[in-house]
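Novice: the following block contains a protein sequence and its predicted model.
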Amino acid sequence: MTRQVWTRRQMLLRGSAAFGGVLLGGCDRLSESPSFHRILSSAEQLTYRAQRLIVGQSLAREFTRADLSPVFRSNGTARPGSALYNQLLENEFEDWRLMVGGAVNRPLALSLGALRAMPSRTQITRHDCVEGWSAIGQWTGVPLGHVLTQAQLAPEARFIVLYCADELERNDGGYYESIDLVDAFHPQTLLAYELNGRPLPVPNGAPLRLRVERQLGYKQAKYLMRIDAVARLDGIGRGKGGYWEDRGYEWYAGI
Amino acid sequence: MTTREIIRRHSLATRCLHWVNALCVFLVLMSGLQIFNADPRLYWGQFGASPDRALLAIGAHGFPHWLTLPSWQDLSTGRRWHFFFAWLLVFNSALYLLFSLLSGHVRRDLLPSRAEIAPSHVARDVWDHVRLRFPRGEAAKHYNVLQKLAYVGVIFVLAPTLLATGLAMSPGFDAACPWLVTLLGGRQSARTIHFTAAMLVALFILIHLIMVVLAGPWNEVRSMITGRYVVPPGKAS
């Protein structure tokens, strides 16, 4: 009698282990299936809508100088390798111009001096990497909304695309990012040229990087070269709106 | 002649919600470990990154890959699994709470009575569990106090903690509700609490499964599928 119970129990345990194995193997196969990926990715729209609803125009928390991270960690590219970037860097970005174009009525070419002459904003905010860590830094820059107002967006503009000088993988386009107009005109969205009161260091994106404070670190594009206003994102890169988005990450990185 | 007493132990709603919950919890736990492995260190306070002092580091690479979803290093796919099933879990839990509060399941079956939480009663229950003596007869028809405390702890303490700390890690949500991050002591504290609560859920599941096996797996699993539960005959009868 006892023996039979034990066998049953063993069967159940073995059965559960086999079931677990099949389930996990199945999950791995599902992870590789594009159509299942689309189902999983539908959660992003839900998060985006829910957050837009409750977050609205609210500001990200701002900290004081006492809260600054002792070392502001950099991530991704530490220094773009292209000849063009190194030439610009050698000249302390004297010849660098931020090109603003696409669906705008007045394309612009802005030098660092021109950007510094514009109204500026300084904010101490928390930078949250998708990997999980956070660092607090003080950013100074021009509100992106100010630059876009100068360039006069055309009515069809829906997104702002930012092109960068870093090439994480050569021959595969460079780093780029995009945000919607809600974020583009948010008062804390900056084209930042200073970190902690000093010109932006190279590992943190010199000469200019984006700060879009209510999203994760990979949206904070570094080494900005060009900004385009566009109606849609599907013709750019692999069509998902950014370098990491093209590699499976969420376009809306609010969580 | 002895007759087997069969009762309807779990309502249809409880059974359906239990299995959806079980699936979701497994998937969010394993994809959560995948996300954790992207920076397998825990910090305390508002900020925390590799140049800062970590509270705890789990190996150089975190948990072994076979414990993570997917079973190779892939943060973006892990996040997709995590947030999809976290949403499903939120809907499922909301339905569970609504149903359990309205039907009286919480009050009748889950909340321990004053007499049950008396230290002497709890101590006796612990001693019975240690000796693997499980309730029989009439006493087997409802949860014992350790079960009640475990279920109430997971449902009303760990689950809300996981939701709150999960949301507090979201830079978007933080802009809307900065008070929550302040309450939790900062985003990195929230991450540490999120991880700790998840480990406690994993511990609960482990004990839950061991108890199912020890208490008679056929009868227990069947009662959560068909609802029918054979009451272990009492000694007196």
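Specialist: Thanks, I have it. Numbering: from 1, shown residues only, chains lettered A, B, ... in the order given.
Novice: which residue does chain B bring closest to chain A?
Specialist: B:Gly172 (2.8 Å; C-beta to the nearest C-beta). Every residue, glycine included, has its C-beta placed from N, CA and C.
Novice: so that residue is in contact with A:Val212, correct?
Specialist: No. With contact defined as C-beta atoms under 8 Å, B:Gly172 and A:Val212 do not form a contacting pair (10.6 Å).
Novice: contacting residues around the residue of chain B closest to chain A?
Specialist: B:Gly172 makes contacts with A:Gln51, A:Val55, A:Arg214, A:Gln215, A:Gly254, A:Ile255, as judged by C-beta atoms under 8 Å, 6 or more residues apart in numbering or on different chains.
Novice: what count of nearby residues applies to the first one?
Specialist: So that's A:Gln51. Counted with other C-beta atoms under 10 Å in any protein chain shown, residues neighbouring A:Gln51 total 22.
Novice: element containing it?
Specialist: Take DSSP states H and E as the rule and A:Gln51 turns out to sit in helix A:34-55.
Novice: is that helix anywhere near chain B?
Specialist: Yes. Against chain B, helix A:34-55 shows contacts by C-beta under 8 Å from any C-beta of the partner chain at A:His37, A:Ile39, A:Leu40, A:Ser41, A:Ser42, A:Ala43, A:Glu44, A:Leu46, A:Thr47, A:Gln51, A:Ile54, A:Val55.
Novice: residue contacts, the third one?
Specialist: Residues near A:Leu40 by C-beta under 8 Å, 6+ apart: B:Arg80, B:Trp81, B:Phe84.
Novice: on that earlier part again, confirm the residue of chain B closest to chain A sits in a helix?
Specialist: Yes. Under DSSP: H, G, I helix; E, B strand; the rest coil, B:Gly172 falls within a helix.
Novice: strands of chain B, start to end?
Specialist: Per DSSP state E, chain B carries strands over the ranges B:6-8, B:41-42, B:56-57, B:228-230.
Novice: would you mind finding the most buried of those strands?
Specialist: Among the strands of chain B, strand B:41-42 has the highest mean neighbour count (mean count of other C-beta atoms under 10 Å in any protein chain shown), at a mean of 21.
Novice: what's the neighbour count on B:Leu75?
Specialist: B:Leu75: 19 neighbours (other C-beta under 10 Å).
Novice: pull the distance from stretch B:159-167 to the chain's centre.
Specialist: 12 Å (C-alpha atoms, centre = their mean, to the nearest Å).
Novice: with stretch A:244-255 instead?
Specialist: With C-alpha atoms, centre = their mean, you get 8 Å for stretch A:244-255.
Novice: so it, near chain B or not?
Specialist: Yes. With C-beta under 8 Å from any C-beta as the measure, stretch A:244-255 is seen reaching chain B through A:Trp244, A:Arg247, A:Gly248, A:Tyr249, A:Glu250, A:Gly254, A:Ile255.
Novice: turn those into TSV, including secondary structure.
Specialist: Listed next are these as TSV, based on three-state DSSP:
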residue	secondary structure
A:Trp244	coil
A:Arg247	helix
A:Gly248	coil
A:Tyr249	coil
A:Glu250	coil
A:Gly254	coil
A:Ile255	coil
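Novice: any of those residues buried? List them.
Specialist: A:Trp244, A:Gly248, A:Tyr249, A:Glu250, A:Gly254, A:Ile255 (16 or more other C-beta atoms under 10 Å in any protein chain shown).
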